[in-house]
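[1] next one to model:
(chains A and B)
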Amino acid sequence: MTRQLASTPSTRPPDPPGRPLKQRPRRWSGRSRRDFFVFLALALPNLVLIAVFTYRPLISNIYYSTLDWTLGSASATVVGLDNYVTFFSSDDASKVLGTTAVFTLVTVGGSMFLGLLIALALNATVRGTTFARSAVFAPYVLSGVGVGLVWLFIFDPGYGVLAWVLRGIGQQSPQWINDPQLSLVMVILVYVWKNLGYCAVVYLAGLQSLPQDVMEAAALDGANGFRRFLSMSIPLLSPTTFFLLITSLLSSLQAFDLIRIMTPLGTGTSTLIYEAYLQAFGAFNRAGYSASISVILFAILLVITLLQVRFVERKVHYS
Amino acid sequence: MAANLDRRHFLGLAGASAGAAALSACGGPDTGGTTSASKAAEIDFSGVKPAAKIDFWTNHPGKSQDVEKSIIEKFHVKFPDIKVTLVTAGANYEEIAQKFQTSQAAKSGLPGVVVLSDVWWFRYLTNGSIIPVDGLVKELDIKVDDFRQSLVDDYKYDGKQWALPYGRSTPLFYYNKDHFKAAGLPDRAPATWQEFAEWAPKLKATSGAQYAYIYPALAGYAGWTLQNNLWGWGGAWSKDWEITCDSPESVEALQWAQDSIYKHNWAGVSSKEAADDFSAGLTSSTISSTGSLLGVLKSATFNVGVGFLPGGPKAASGVCPTGGAGLGIPSGISKEEQLAAGTFLKFMTEPENTAAFSAATGYMPTRTSADMTAVLAKTPQIKTAMDQLAVTKVQDRARVFLPGADQEMAKAAAKILTQQGDVKATMTELKKTLEGIYTKDVKPKLKA
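    This is a model prediction of the structure:
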């Protein structure tokens, strides 16, 4: 539009010398107004939805985090940053942040590493790979609640399948459910099992889109399979790895269903998000304190995402 | 389209949305001052007309859905103008509490009558979520004197009655009669844990079961069943508001429990539900709620015996806590709904209905005038639970009045019984936690 105006001969008289240039207020042309209404019609519903269901709870939550509020109580006291101070000065912080770190690092690392190995196996052109791909991906689409319940039966030290197998070789079953440390191991194992199919399928897509000419050239130059994998496939897969790293990290930090079903009290498995749930909706009903933990989780997610985009993406080889 | 125009308007829109969102965030609780439900005045229901419909929120304790439905049908026949809708509001007491608390926070969707467990009703009281039922007792002529004294007194605070007993239970000692017979033991529950310690090796040697005794699941209500051990040894979770879980008696009691697992190897800890482990033959004995009685009798393929909880070296009797749930009425509903709820509450706890509920679940009849003849003829084991009621004690305040204390007790018990943690150190740590909860979450509200 600007270019069109410039090319049109001006009918406006020249400004008198010595007078400052005064811009006339721009009026909307019929087309720009129409475009704007189209933009509004398309964007406004989404903006409203995002405002109501994303930003409103977020802002409410930040406000609640400044209150000493027992869930269910009609009244609360404004305490400023006390909830944050309480969290960081109590034993809760080290326990919860430690559990979150262990859970996130092991589940993300485990899912991605095992997913890559499975993707390599599935990339082979042998009979039955279609079935194998479906079988590997199936746990990812199953309900977390169902998966948790089934695995609880497997891990049950009294009459679970695992206990039965262990008894067969003369061993006692560990106390998977009652021992807090083993509970964390149990939940991590199930989470990795459920999510590695997702990583495997995404890595498989990445492997199948690797440039074959480059790989063949490397083979002709004498690079063996392992060398090609290490020096060619891994760097060329870096966009896939970067994508998986971001999505897996975010979903792992927000993992809830398996933890809730398998360890309702969160003994040994209380990650940030589950601690926020337990504090508000578990036995304590500390809604304000819980909101402060949610804000801490939000800040961590934000920082991780920004750091990944700022630093890790630089290492990604896109072509 | 002009770029400046778009961006400006877009930013304007975004700003307006954020502003609206920020303004809407100002909802939530009132921050003007604190309220204390214990100051609630008695509500006068004279001249109030009951509402036409209310919801009854329950978790169907003891698999009671069918009997609850049948009592509601009878209610509709007697009170056709009040429609009661049975709502499954959770699978256990904690889930129902979660739903009730969030409805309180949302200030909508509240029921007329709600099931409230022993560890939740006091919190509802301090939050101002329930009303005292004294006004309804007067208006509807509810015979409070006919309720079993110890059960109805559990819901008294500050001179007011805050709920009425419903699915009330005590722990019961369950034993496999066949295993006891094979081990040459008498057909009864042990009088004390010391006596059971003598029996346990014989049971383990002859029964083929994995354990002679299994401790109830810690994720369940460990703080409730372990009261028995603490009281037997002369200890307690607390005395009034003083936390005593680290006293020498309490530590000795839990050390004995730990030794039964790690030193003497005849006991284990249930992972999910001790009553199920017992029914499946995994153990020769356990402690579980009277509410599990009918389920155990139905699923066990052996002869089931029940008895009083064993005593300890310091106390041979009076070592059994009461427990279970009552029925309460929310404060956030209209007087008309509260009156309809009171009418239903009265009907639910009538002698014939408490007898029917008891027959279907194994929970104790809450009314002294309930005719239990037919029930006891069919399930004589319920008599043991009823007889044990005479030697029960109200639970320690730390467990029932401190929010989250039961879970903290379960975590401490897990450390001791499944990780062989140091008993004294664990109980000292628990004391610190419980005192923190009291100071932060309870004491300020008691003052108010």
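
[2] please make it C-alpha for all contacts and neighbour counts, starting now.
    Fine.

[3] what about residue A:254, how many neighbours?
    Residue A:254 has 17 neighbouring residues, counting by other Cα atoms under 10 Å in any protein chain shown.

[4] backbone dihedrals for it, please?
    Main-chain torsions, residue A:254, degrees, to the nearest 10: phi -110, psi 10.

[5] and if you look at the one 5 residues further on?
    As for residue A:259, its main-chain torsions (degrees, to the nearest 10) stand at phi -60, psi -40.

[6] residues contacting it?
    A:187, A:266, A:269, A:274 (Cα atoms under 8 Å, 6 or more residues apart in numbering or on different chains).

[7] residue A:219 versus the first one, what's the distance?
    The gap separating residue A:187 from residue A:219 is 42 Å, by Cα to Cα, to the nearest Å.

[8] which of these two has more neighbours?
    Set side by side, residue A:187 and residue A:219 show more neighbours around residue A:187, with 24 against 14, by other Cα under 10 Å.

[9] which of the three states applies to the more buried one?
    At residue A:187 the chain is in helix, as set by DSSP: H, G, I helix; E, B strand; the rest coil.

[10] ok, and the most crowded of the contacts of residue A:259?
    Neighbour counts for the contacts of residue A:259, by other Cα under 10 Å, peak at residue A:269, which reaches 29 neighbours.

[11] please tell me how far it sits from residue B:226.
    In this view, residue A:269 and residue B:226 are 24 Å apart by Cα to Cα.

[12] again with residue A:177
    19 Å.

[13] now swap in residue A:116 and tell me
    Taking Cα to Cα as the measure, residue A:116 falls 49 Å from residue B:226.

[14] again with residue B:54
    In terms of Cα to Cα, residue B:54 sits 38 Å off from residue B:226.

[15] please see if stretch B:99-111 touches chain A.
    Yes - applying Cα under 8 Å from any Cα of the partner chain, one finds stretch B:99-111 touching chain A at B:100, B:101, B:102, B:103, B:104, B:105.

[16] who touches whichever residue of the stretch 201-319 of chain A sits closest to chain B in this structure?
    Residue nearest to chain B within the stretch 201-319 of chain A: residue A:283 (4.4 Å; Cα to the nearest Cα). Contacts for residue A:283 (Cα under 8 Å, 6+ apart) come out as B:94, B:403, B:404, B:405, B:407.

[17] greatest separation within those: which pair is it?
    Spatially, the most separated pair among the contacts of residue A:283 is B:94 and B:405, at 13.2 Å (Cα to Cα).

[18] neighbour-wise, which of the two wins?
    residue B:405 (25 against 18).

[19] shouldn't the more buried one be in contact with residue B:399?
    Yes - between residue B:405 and residue B:399 a contact is recorded at 5.5 Å, counting by Cα atoms under 8 Å.

[20] run a quick neighbour tally on residue A:234.
    Neighbours around residue A:234, by other Cα under 10 Å: 16.

[21] before we move on, what about residue B:436?
    That count, for residue B:436 with other Cα under 10 Å as the rule, works out to 13.

[22] widest-spaced pair of the contacts of residue A:259?
    Pairwise distances across the contacts of residue A:259 peak at 12.9 Å for A:187 and A:274 (criterion: Cα to Cα).

[23] out of the residues of stretch B:99-111 next to chain A, which are inside helices?
    B:100, B:101, B:102, B:103, B:104, B:105 (DSSP state H).

[24] what's the distance between the fourth one and residue A:76?
    The span separating residue B:103 from residue A:76 equals 17 Å under the rule Cα to Cα.

[25] between those two, which is the more surrounded one?
    Taking other Cα under 10 Å, residue B:103 and residue A:76 do not tie; residue A:76 has more neighbours (23 against 17).

[26] residue B:67: what's it in contact with?
    Contacts of residue B:67 by Cα under 8 Å, 6+ apart are B:356, B:357, B:360.

[27] would you state the helices of the stretch 51-200 of chain A in chain order?
    A:56-64, A:82-89, A:91-122, A:129-141, A:144-155, A:161-168, A:180-208 (DSSP state H, counting those that start in this stretch).

[28] and of the ones you listed, who's closest to chain B?
    helix A:56-64 (4.3 Å).

[29] which other helices and strands does that closest one contact?
    Judged by 3 or more Cα pairs under 8 Å, 6 or more residues apart in numbering or on different chains; DSSP states H and E, the packing partners of helix A:56-64 are helix A:287-310, helix B:3-24.

[30] lowest average pLDDT across those helices?
    Ranked by mean pLDDT, the helices and strands packed on helix A:56-64 end with helix B:3-24 at the bottom, a mean of 48.

[31] what residue in the stretch 151-300 of chain B comes nearest to chain A?
    Residue of the stretch 151-300 of chain B nearest chain A, by Cα to the nearest Cα: residue B:271 (5.9 Å).

[32] just to be sure, that residue is in a strand?
    No - counting by three-state DSSP, one finds residue B:271 to be coil, located in no strand.

[33] wait, it sits on residue A:156?
    Yes - assessed by Cα under 8 Å, residue B:271 is found in contact with residue A:156 at 6.8 Å.

[34] returning to what we had before: any idea which of the ones in helices among the residues of stretch B:99-111 next to chain A has the most stuff around it?
    Of all those, the most densely surrounded is residue B:100 (26 neighbours; neighbours counted as other Cα under 10 Å).

[35] mind checking the SS state of the closest residue to it other than its chain neighbours?
    Excluding the flanking residues, the one nearest residue B:100 by Cα to Cα, 6 or more residues apart in numbering or on different chains is residue B:110, at 7.2 Å. Classification of residue B:110 by three-state DSSP places it in coil.

[36] pLDDT at residue B:110, what is it?
    Value for residue B:110, per-residue pLDDT: 95.

[37] could you do the one 4 residues further on as well?
    With respect to pLDDT, residue B:114 scores 97.

[38] of residue B:271 and residue A:156, which one has the most company?
    More crowded of residue B:271 and residue A:156, by other Cα under 10 Å: residue B:271, with 24 against 21.

[39] residue contacts, that one?
    Residue B:271 sits next to A:156, A:157, A:158, A:175, A:177, A:178, B:217, B:218, B:219 when contact means Cα under 8 Å, 6+ apart.

[40] from these, which two are the most distant?
    Distance extremes for the contacts of residue B:271: the farthest pair is A:158 and B:219 at 15.5 Å, using Cα to Cα.

[41] comparing the helices of the stretch 51-200 of chain A, which yields the minimum mean pLDDT?
    What stands lowest among those, in mean pLDDT terms, is helix A:129-141, with a mean of 88.

[42] how about residue 191: what's its closest non-neighbour residue?
    In the absence of a named chain, this looks at chain A. Distance criterion Cα to Cα, 6+ apart; nearest residue to residue A:191, sequence neighbours excluded, is residue A:107 at 6.8 Å.

[43] sorry, should have said chain B
    Leaving aside its sequence neighbours, residue B:191 sits nearest to residue B:310 (Cα to Cα, 6+ apart; 5.0 Å).

[44] that neighbour - how many residues pack around it?
    Neighbours of residue B:310 (other Cα under 10 Å): 25.

[45] distance of it from chain A?
    Remark: distance between residue B:310 and chain A (Cα to the nearest Cα, to the nearest Å) = 25 Å.
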